[in-house]
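Enquirer: structure for the following, please:
(chains A, B, C and D)
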4 protein chains.
Amino acid sequence: MYKIAILGASGYTGAELIRIISNHPEMEITVLAAHSKAGLGMEKVFPHLRSLKLPSLIKIENVDFSDIDLCFCALPHKTSQEVIKVIPKHLKIIDLSADFRLQNASEYEKWYGTVHEALEIQEEAVYGLTEFYREEISKARVVAGTGCNAATGQYILRPLVEKGVIDVENIILDLKCAVSGAGRSLKENLLHSELSESTNAYAVGGIHRHIGEFDQELSKLAGKPVNIQFTPHLIPANRGILATAYVVGDPNLVVKILTQRYENESFIHVLPLGETPSTHHVRGSNECHIGVVSDRIENRCIIIAALDNLTKGSSGQAVQNANLMLGIDETVGLNLIPLFP
Amino acid sequence: MYKIAILGASGYTGAELIRIISNHPEMEITVLAAHSKAGLGMEKVFPHLRSLKLPSLIKIENVDFSDIDLCFCALPHKTSQEVIKVIPKHLKIIDLSADFRLQNASEYEKWYGTVHEALEIQEEAVYGLTEFYREEISKARVVAGTGCNAATGQYILRPLVEKGVIDVENIILDLKCAVSGAGRSLKENLLHSELSESTNAYAVGGIHRHIGEFDQELSKLAGKPVNIQFTPHLIPANRGILATAYVVGDPNLVVKILTQRYENESFIHVLPLGETPSTHHVRGSNECHIGVVSDRIENRCIIIAALDNLTKGSSGQAVQNANLMLGIDETVGLNLIPLFP
Amino acid sequence: MYKIAILGASGYTGAELIRIISNHPEMEITVLAAHSKAGLGMEKVFPHLRSLKLPSLIKIENVDFSDIDLCFCALPHKTSQEVIKVIPKHLKIIDLSADFRLQNASEYEKWYGTVHEALEIQEEAVYGLTEFYREEISKARVVAGTGCNAATGQYILRPLVEKGVIDVENIILDLKCAVSGAGRSLKENLLHSELSESTNAYAVGGIHRHIGEFDQELSKLAGKPVNIQFTPHLIPANRGILATAYVVGDPNLVVKILTQRYENESFIHVLPLGETPSTHHVRGSNECHIGVVSDRIENRCIIIAALDNLTKGSSGQAVQNANLMLGIDETVGLNLIPLFP
Amino acid sequence: MYKIAILGASGYTGAELIRIISNHPEMEITVLAAHSKAGLGMEKVFPHLRSLKLPSLIKIENVDFSDIDLCFCALPHKTSQEVIKVIPKHLKIIDLSADFRLQNASEYEKWYGTVHEALEIQEEAVYGLTEFYREEISKARVVAGTGCNAATGQYILRPLVEKGVIDVENIILDLKCAVSGAGRSLKENLLHSELSESTNAYAVGGIHRHIGEFDQELSKLAGKPVNIQFTPHLIPANRGILATAYVVGDPNLVVKILTQRYENESFIHVLPLGETPSTHHVRGSNECHIGVVSDRIENRCIIIAALDNLTKGSSGQAVQNANLMLGIDETVGLNLIPLFP
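Expert: Here you go, the predicted structure:
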């Protein structure tokens, strides 16, 4: 049994890691750490975990890392780099924050408004989009979990940009995001009274931080700068991202390339041309469902992807990467069937 | 007091008409009719209307139209044309169905899959987008209420297409629609268990029937065929449409034109550049809020409009048109302040 | 036009007062005040009020009360007494906090854990349950708005306790309360992620502060101490209280007494025996619907009441009382038809 | 691997059985049958099950039972008895309908309004409340799954009635039930538009059919007729039952007895005195959380239980019973951690 530490266990991605790992046959949670809720038993922090035998939350500075095989960091960005900087170097680390996603220090500074303070780790870190960095992740010491929106969009776009079958000057990504992506933070717009019955866009106009990941990854694939249009919307649901991509390209080719690219992937399912997915049908699972539809306008198509932001978009991806890093079969612990209704 | 009949009063747009008209100082509901629920008191059909003194539901064939000044038809399309065909010709009529929105019989047949059987009325009917057909509506005998999605999109697009400031070859409209737009019909996907926590696209690829209205109206304005891309999504809320338009054009010009166009309109509010609306902030009102944001890509902008599909998108619009047809000030009975939270 | 000030206009009951009063033909809002959001325009604080012409929020200490006829205080308890203490004495005041509901200073201290500091106003204040204190309210300078739960329960219980037709030793009140009753405060359990799909009891065992009002009022009516059992539950909705009362008494007598008591009341509707109400059918209105059902066990009955906590349970009640205090017909401005769906 | 058939696989309890059994290490689904949706692949009926390799739905009359070890019937009552009557007798059967819960034919007729037509099986069937009929279930050929409300209430009441520590003349059970308990049926009140933002009681006054189970079971335990008061309420959520019991008895004794009774049970968790559960914290799991609180009135207490109606209240219970019937450890396949948020 590999011994696992989770830092930042009082947030939603922390709780989701616990949910997944508790049923993992080769991992064992031995350390749970957090800041403000340190000292509490997990049944106080997350009563839904009451029936599990879990260690109590301790402060991060009190963690004994000597026995740990792999450490998940589910901390806010900036805090994350400070913590990871001082963690013993023998540890494998999966960071779920934004701190190690961008490989270029100036890009990090541009999007996050702060100088990166752990550049040597940033250089070493591998971008954690499993299906596209499997080899690198297997050998990595530090893996940077992707943004949940960035993952959803890349599942649609990467194979198409790589094969050159869509016009990279005209990519529009319209996202519908459930609220748990905003975390457990106390903000007025996240209150049930404000959010229920509400739908609105946010971070409109190309200012959402996940765009940095798209720029980095898609430009690499295209061999030239690619800038997409990206507009996230907050919808009144707890889990799920639905990404609607508008692209210029041949729908039959698009569906063919996506189907081929993912046919051997365990968690990415491309639907037959004309069918579209729903967030409700992937909830709580590590699955991503992708549908392609031809528009009535020639050579345009709409591609829609659905995944659970906390699972495939974050903690499920993290466990999938942890499996690779530890030499375990990639799918172990991740056959989580969606909870419907 | 003008005497009002509502046909199809057992559906949501019927109930919304009753809600609005019951507080209208110059209208009085004297007939409520429906099919399957005829014979019931309205407190059985809609218990929220219990405190109003309303006539019981009768069958449409039993309606005495002799006293009626104006009749709202909130019936399904096809049924609507059959009913309106035989209604006495002295009556003013506002039809909330799709039957008289398209002026071209073959377009009707194409989108609704059935031959139109009341072509003489179709020819006479005025398209009911109040802010753009005010004069015609004032003089009309029959007004066709617009599709709720079509209204939302046109509030964004009409002034821009008319002024020629956006590229009409590249208009994408991504809609987030609450479920009451689908009516009170018993369909599996409208059940709470299926819809709650769910988000999905529907009628993808340019097959939604409201597209017929966009084609007709925008092509007229542009003086050439305009085909937009239009994708509606069902979100887990009861009321509200949020339309996100992606257009090619100068954001500063766009916001200027929209602001000027609507500055004297009572119900359309254009926000300062960079601000965006929410469906929760227009719920239950006759308002439409529009926001414009510059994209990071030059000469592109995102325009977002929010309205309540049952009010401004349907029954509120209908009452606004009725006011015009009856010579009443257009805003009477419509200062409905949004219900929040 | 009476000139109205609202103190605490950045909370939900403040917003609800504005919604109602803005359509009131004899009131005009001239002052809006708040603490932390002072200085902001109301369209920033509550974008749903964007289309109204409203004064900006100012600090309470900067309010000029000289012109004001009536002042609504929608502040937290304790703050409320401090503010009301120093307001000019010519003003009529309706306080929506808990500060002046309990007539006995030691009861206040017991339930609110703090010494009352405005006892002379506490003595003068009239309990604001309109239908039962109409006379006193008409003549009062200070009226204490009731607790929303306390109002709902008393509509069921008062006529029955007064007539002595139920066993006052065995009254159980089980409430289902929507979240807006908790206000706009930033608490973890009020987040959409936590509350959606959730139902739980809170303040269980007779510790909810509204019990002080039940004790005071029902004991007065019974002429002896009456202690009820009272358990509120938080349900995943924004507006509405559904109170289920379990009482020992003859159901036919119970429904008869309630029907007679309320038959001349504009806002309280007693349903025929066997029918029950829903919170969705009173949403946004000043109505309270009450249903009585016989249990299969002889001499027991279940009485269920529904109202909107922000309207009839709080701000609607407040306007109804303001009408009385200003000599306006009690129902003016309050024919708010429920918003459904 | 035991071969499993599920009849009625197009409903929610059917889907939940599939969710659980697909991860069960000793069971294999070989037959899925249904009525109206027979012929469809499961990805059409329940797209959330898309990634599983499942047999397509066939008609029940076409099922080959020869290889099957155990059959789950998730059919409506009445249909269930007709089907089970003609199923080969070698099969072990777990029926999730109401058809075999009541042991007395006249009670069945009273509650279900129809004569029972498979009395010999009714006599043989064991009531499936696992924790109380473990021995009988292990040896049974036919097990009748309990009502989901009946299970929740009995987890609270059985130990207390058995030990005689509460007054059986004064038991009130107030339930808050999520909508999936009503199944996937097309009824107006189950539409999202009707149910969202709504709370209402139903089957009030002792007429809910699950009361038959309470009468049967509690009377047996008490050795005399026990009639409880039972009022279910529909709340706007998809999964979960929260049962609030009002009983007369010593809270300390009550919590002690419940704690002792369940301390060796894997799925029933009694919280420390004063703490209460939430439906959100058991969602998707086979757990039941129970909390006890002392009322301010002496010798009265409130007991609150939460479980997921589709899991512990139905399909989870069914798999737990199937484990017993097949000689598998009772908890296998059921360590389903709650999905939160």
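Enquirer: list the buried ones in whatever helix or strand A:Val83 lives in?
Expert: Using DSSP states H and E, A:Val83 maps to helix A:79-86. By neighbour count on 16 or more other CB atoms under 10 Å in any protein chain shown, the buried set for helix A:79-86 is A:Thr79, A:Ser80, A:Gln81, A:Val83, A:Ile84. Any C-beta I mention is one placed from the backbone N, CA and C, and that applies to glycine too.
Enquirer: equivalent analysis for stretch A:287-304, please.
Expert: For stretch A:287-304, using 16+ other CB under 10 Å, the buried residues are A:287-295, A:300-304.
Enquirer: okay, and which of these map to strands?
Expert: Those of those mapping onto strands are A:Cys288, A:His289, A:Ile290, A:Gly291, A:Val292, A:Val293, A:Ser294, A:Arg300, A:Cys301, A:Ile302, A:Ile303, A:Ile304, per DSSP state E.
Enquirer: out of those, which touch chain D?
Expert: For chain D, the contacts drawn from those by CB under 8 Å from any CB of the partner chain are A:His289.
Enquirer: with distance to A:Ile137 added, can I get the ones in strands among the buried residues of stretch A:287-304 in CSV?
Expert: Listed next are these as CSV, based on distance: CB to CB, whole Å:
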residue, distance to A:Ile137
A:Cys288, 17
A:His289, 23
A:Ile290, 22
A:Gly291, 27
A:Val292, 28
A:Val293, 32
A:Ser294, 35
A:Arg300, 35
A:Cys301, 31
A:Ile302, 31
A:Ile303, 25
A:Ile304, 27
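Enquirer: which among the ones in strands among the buried residues of stretch A:287-304 gets closest to chain B?
Expert: Nearest to chain B among those is A:Val293, at 4.3 Å by CB to the nearest CB.
Enquirer: close to chain D, is the longest helix seen in chain A?
Expert: Secondary structure of chain A per DSSP state H: the longest helix is helix A:148-163. No: Helix A:148-163 stays clear of chain D (CB under 8 Å from any CB), getting no nearer than 14.4 Å.
Enquirer: helices along chain A, start to end?
Expert: A:12-21, A:42-45, A:79-86, A:105-112, A:119-124, A:130-139, A:148-163, A:192-195, A:211-222, A:251-262, A:316-326.
Enquirer: would you list those helices in JSON lines and tack on mean pLDDT?
Expert: As requested, the helices of chain A are exported to JSON lines (pLDDT from 0 to 100):
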{"stretch": "helix A:12-21", "mean pLDDT": "98"}
{"stretch": "helix A:42-45", "mean pLDDT": "96"}
{"stretch": "helix A:79-86", "mean pLDDT": "95"}
{"stretch": "helix A:105-112", "mean pLDDT": "96"}
{"stretch": "helix A:119-124", "mean pLDDT": "94"}
{"stretch": "helix A:130-139", "mean pLDDT": "98"}
{"stretch": "helix A:148-163", "mean pLDDT": "98"}
{"stretch": "helix A:192-195", "mean pLDDT": "98"}
{"stretch": "helix A:211-222", "mean pLDDT": "98"}
{"stretch": "helix A:251-262", "mean pLDDT": "98"}
{"stretch": "helix A:316-326", "mean pLDDT": "98"}
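Enquirer: for the stretch 51-200 of chain A, list the residues in contact with chain B, please.
Expert: Residues of the stretch 51-200 of chain A lying near chain B (CB under 8 Å from any CB): A:170, A:172, A:174, A:176, A:178, A:193-200.
Enquirer: quick one: A:Gln81 and A:His116 touch, right?
Expert: Yes: counting by CB atoms under 8 Å, A:Gln81 touches A:His116, with 6.6 Å between them.
Enquirer: between the two, what contacts are shared?
Expert: A:Asp99, A:Gln122 (CB atoms under 8 Å, 6 or more residues apart in numbering or on different chains).
Enquirer: list the contacts of the nearest residue to A:Phe214 once chain neighbours are set aside.
Expert: Ranked by CB to CB, 6 or more residues apart in numbering or on different chains and with sequence neighbours excluded, the top spatial neighbour of A:Phe214 is A:Ile228, at 5.5 Å. When contacts are counted by CB under 8 Å, 6+ apart, A:Ile228 is found next to A:Gly153, A:Leu157, A:Ile171, A:Ile172, A:Leu173, A:Ile211, A:Phe214, A:Leu218.
Enquirer: check A:Leu271 too.
Expert: Applying CB under 8 Å, 6+ apart to A:Leu271 gives the contacts A:Pro277, A:His289, A:Ile290, A:Gly291, A:Val292.
Enquirer: from C:Lys59, how far off is it?
Expert: Distance, A:Leu271 to C:Lys59, using CB to CB, to the nearest Å: 57 Å.
Enquirer: spell out which parts of the stretch 51-200 of chain A neighbour chain D.
Expert: Within the stretch 51-200 of chain A, the positions lying close to chain D (CB under 8 Å from any CB) are A:Ser51, A:Leu52, A:Ser180, A:Ser196, A:Glu197.
Enquirer: out of those, who's the most crowded?
Expert: A:Ser180 (30 neighbours; other CB atoms under 10 Å in any protein chain shown).
Enquirer: from what I can see that residue touches A:Asp308, true?
Expert: No: applying CB under 8 Å, one finds A:Ser180 not in contact with A:Asp308, separated by 9.0 Å.
Enquirer: pretty sure A:Gly212 is touching A:Glu109, no?
Expert: No: look at A:Gly212 against A:Glu109 with CB under 8 Å: they stay out of range, at 10.4 Å.
Enquirer: neighbour-wise, which of those two wins?
Expert: Neighbour comparison, A:Gly212 and A:Glu109: the larger count goes to A:Gly212, with 20 against 13 (by other CB under 10 Å).
Enquirer: any idea what A:Ile29 is bridged to?
Expert: A:Ile4 (DSSP bridges).
Enquirer: for it, grab the count of nearby residues.
Expert: 21.
Enquirer: check A:Pro25 too.
Expert: Applying other CB under 10 Å, I find that A:Pro25 has 9 neighbouring residues.
Enquirer: looking at the stretch 101-250 of chain A, which residue is nearest chain D?
Expert: Closest approach between the stretch 101-250 of chain A and chain D, counting by CB to the nearest CB: A:Asn238, at 4.6 Å.
Enquirer: list the contacts of A:Gln317.
Expert: Shown in contact with A:Gln317 (CB under 8 Å, 6+ apart): A:Gly128, A:Leu129, A:Thr130, A:Gly145, A:Thr146, A:Ala151, A:Asn286, A:Thr311.
Enquirer: in contact with the last one, which residues?
Expert: Each residue near A:Thr311 by CB under 8 Å, 6+ apart is listed here: A:Glu16, A:Ile20, A:Arg239, A:Val282, A:Gly284, A:Ser285, A:Asn286, A:Gln317, A:Leu336.
Enquirer: now for A:Ser180 and A:Asp308: what residues contact both?
Expert: A:Arg239.
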